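[1] Turn this into a model:
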Amino acid sequence: MIKAAIFTKWKFVQSGAKQFQSYIDYIDREEAIRSGNFHKYNVLPTDGFNEYMENPEKSSGLFTQNKNQLTKDERKEVKRLFEKAQKNESIMWQDVVSFDTRWLIEQNFYDPKSEILNEAKIMNAIRSAMKEQLRLENLENSAVWTGAIHYNEKHHIHVHLAIVEPEPTRPYGTFTRRDGSTYEARKGFRSKKSVDRFKSQIMSQLLDRDQPLAQISSLVRNQIGRHKGQMRRLPDSQLQYLYSEIYSHLPSDMRLWKYNMNALDSVRPTIDRFSKTYIETYEQTNYQQLQSLLKENSQFYMNVYGEGTTEYQRANDFMTNKNQELFTLLGNSLLREMKEQKIQERQNHRMNVSTSNKELSTLPGSSIKGDADLNKIKKALKKDFQSMKNQQEYLKNMREREQLDQSLNR
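    Numbers count the residues shown, from 1 in each chain. Take a look at the predicted model:
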């Protein structure tokens, strides 16, 4: 059984360490000599499988970010950059990436009969991961690195890496020795994020997981829930009952009709029960396919990284999150349908009220028609009253004029 397909380990030494000088000494030597003296410049005593790091029986030779193999002049240039880094008190980081040979065989990266490894594939995966790691550590513009693939008959295939900064950017810090004394040295620690990302980036380059992940996404977002928008018309009596229960217990404010709203805490279990019943009744085949793909994805991560690792836990979280996403999407679809129903009911109610009012206005003596007639009468009476008032004023003036004329004649 494969415990894990890949392990990574890393360590750093300061510029004064003897391994730093030894690494420089053997950069431009023939590969057989470099391999035979590996123990002199290696800073990692064991690999990720806890196996002792011996001199390799065979090596790919040095490779870099841009070259699969280096010429003699190119090795001298790399040596010059490492010497400059040492002179400027750079740290030297060393990484080892260990692959389980059985896994490499299963994935057709290694042929045990011919003992041929797809070195180009491995190198390109390392390059992609190194680029990301250097970016996360803010070393992308200052670091140079070399790598070599090592083969051992009794052990796993390894990739050994060495990283330095010819123009160091890492700050100095104060550190304490075991005897209590302190010293100044550059800080070499990496973030857990960049360490974890390095390993996962290698595997993502080696293995294409796009297709199964796309299938999972399609099932969650498109395939499960083909009755969206028509849930209340489904003939299942249990679904009809649950639909009515949910609808009758929703808050009056339709703006709160969203699955994850706190206002729906009390009704959300019933919404989930509706979704579960719907899946069991209409989407059982698609749902089983989804669960199978999610379990296969978790198993894949366990095989690659090992049980209990951060990556394996992320795969389990991915399964939980995708199932939750499915219920959220189904729940929100159901709530949108209920919102459309509520809007339609309110529109129908307003239309019924308007129609009733129109019908009343056509009836004899109806209050609406009476109000209109009453206004007309009021206007007419007001006009008549003004006319009568004017007429009385005129008569009053005439009488006063007659009385004045009679008094003058006397």
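
[2] quick one: buried residues of the helix or strand harbouring residue 150?
    Following DSSP states H and E, one finds residue 150 within strand 144-151. For strand 144-151, a neighbour-count test (16 or more other Cβ atoms under 10 Å) marks 144, 145, 146, 147, 148, 149, 150, 151 as buried. All C-beta spots, glycine's among them, are computed from the backbone N, C-alpha and C.

[3] Repeat that for stretch 109-116.
    So stretch 109-116, judged by 16+ other Cβ under 10 Å, has buried residues 109, 110.

[4] pLDDT averaged over that stretch, what's the number?
    Per-residue pLDDT over stretch 109-116 has a mean of 90.

[5] next one: stretch 258-268
    Per-residue scores along stretch 258-268 average to 96.

[6] Would you mind writing the CA trace of it as CSV?
    Taking Å, rounded to 0.1, in the frame of the first residue of the first chain, the C-alpha atoms of stretch 258-268 are listed here in CSV:
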residue,chain,number,x,y,z
LYS,A,258,-32.2,33.9,1.1
TYR,A,259,-31.0,30.5,2.3
ASN,A,260,-28.1,31.6,4.5
MET,A,261,-30.0,34.6,6.1
ASN,A,262,-30.2,34.5,9.9
ALA,A,263,-33.9,35.3,9.6
LEU,A,264,-34.4,31.8,8.1
ASP,A,265,-32.6,29.9,10.9
SER,A,266,-35.9,28.3,12.1
VAL,A,267,-37.2,27.3,8.7
ARG,A,268,-33.9,26.2,7.1
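
[7] Outside of that stretch itself, list whatever touches it.
    For stretch 258-268, the external contacting residues (Cβ atoms under 8 Å, 6 or more residues apart in numbering) are 246, 249-251, 253, 256-257, 271, 327-328, 331-332, 335.

[8] likewise stretch 32-51?
    3-4, 6-13, 17, 19-20, 22-23, 25-27, 29, 52-59, 92, 94, 96-98, 100, 148, 150, 155-156, 158, 160.

[9] about what we covered before: now the angle from the very next helix or strand once past the strand holding residue 150 to strand 144-151?
    For strand 144-151, the following helix or strand on the C-terminal side (DSSP H and E) is strand 157-164. With axes from the mean of the first three to the mean of the last three Cα atoms, to 10 degrees applied, the angle from strand 157-164 to strand 144-151 works out at 160 degrees.

[10] partners of strand 157-164, with directions?
    Sheet pairing of strand 157-164 (DSSP bridges) gives strand 92-99 (antiparallel), strand 144-151 (antiparallel).

[11] Please convert the ones you listed to JSON lines, extending it with distance to residue 222 and mean pLDDT.
    Output for the strands paired with strand 157-164, formatted as JSON lines (distance: least, Cβ to Cβ, whole Å; pLDDT from 0 to 100):
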{"stretch": "strand 92-99", "distance to residue 222": "37", "mean pLDDT": "93"}
{"stretch": "strand 144-151", "distance to residue 222": "43", "mean pLDDT": "93"}
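
[12] To residue 66, which of those lies closest?
    Closest to residue 66 of the strands paired with strand 157-164 is strand 144-151 (Cβ to Cβ; 10.7 Å).

[13] still on that earlier bit, so which of the contacts of stretch 258-268 comes closest to residue 63?
    Checking the contacts of stretch 258-268 one by one against residue 63 (Cβ to Cβ), the nearest turns out to be residue 328, at 46.6 Å.

[14] Tell me which helix or strand the closest one sits in.
    Assigned by DSSP H and E, residue 328 falls in helix 310-361.

[15] just checking, what packs against that helix?
    Applying 3 or more Cβ pairs under 8 Å, 6 or more residues apart in numbering; DSSP states H and E, we find helix 310-361 packed against helix 192-206, helix 237-248, helix 268-282, helix 284-305, helix 367-409.

[16] Where does the spatially closest residue to residue 186 that is not a sequence neighbour sit: helix, strand or coil?
    Nearest residue to residue 186 in three dimensions, chain neighbours excluded: residue 170, at 4.5 Å (Cβ to Cβ, 6 or more residues apart in numbering). Using DSSP: H, G, I helix; E, B strand; the rest coil, the structure places residue 170 in coil.

[17] Surely residue 76 is in a strand?
    No - applying three-state DSSP, one finds residue 76 to be helix, outside a strand.

[18] neighbours around the residue nearest to it when sequence neighbours are not counted, how many?
    Nearest in space to residue 76, with sequence neighbours left out and distances taken as Cβ to Cβ, 6+ apart, is residue 28 at 5.3 Å. Residues lying near residue 28 (other Cβ atoms under 10 Å) number 18.

[19] next one: residue 6
    So residue 6, with other Cβ under 10 Å, has 21 neighbours.

[20] likewise residue 303?
    18.

[21] check contacts around residue 158.
    By Cβ under 8 Å, 6+ apart, the neighbours of residue 158 are 47, 53, 56, 96, 97, 98, 99, 149, 150, 152.

[22] Pull out the buried members of those residues.
    47, 53, 56, 96, 97, 98, 99, 149, 150, 152.

[23] what stretches of the stretch 151-300 of the chain score poorly on pLDDT?
    Applying pLDDT under 70 to the stretch 151-300 of the chain flags the ranges 153-155.

[24] tell me the contacts of residue 128?
    By Cβ under 8 Å, 6+ apart, the neighbours of residue 128 are 201, 202, 205.
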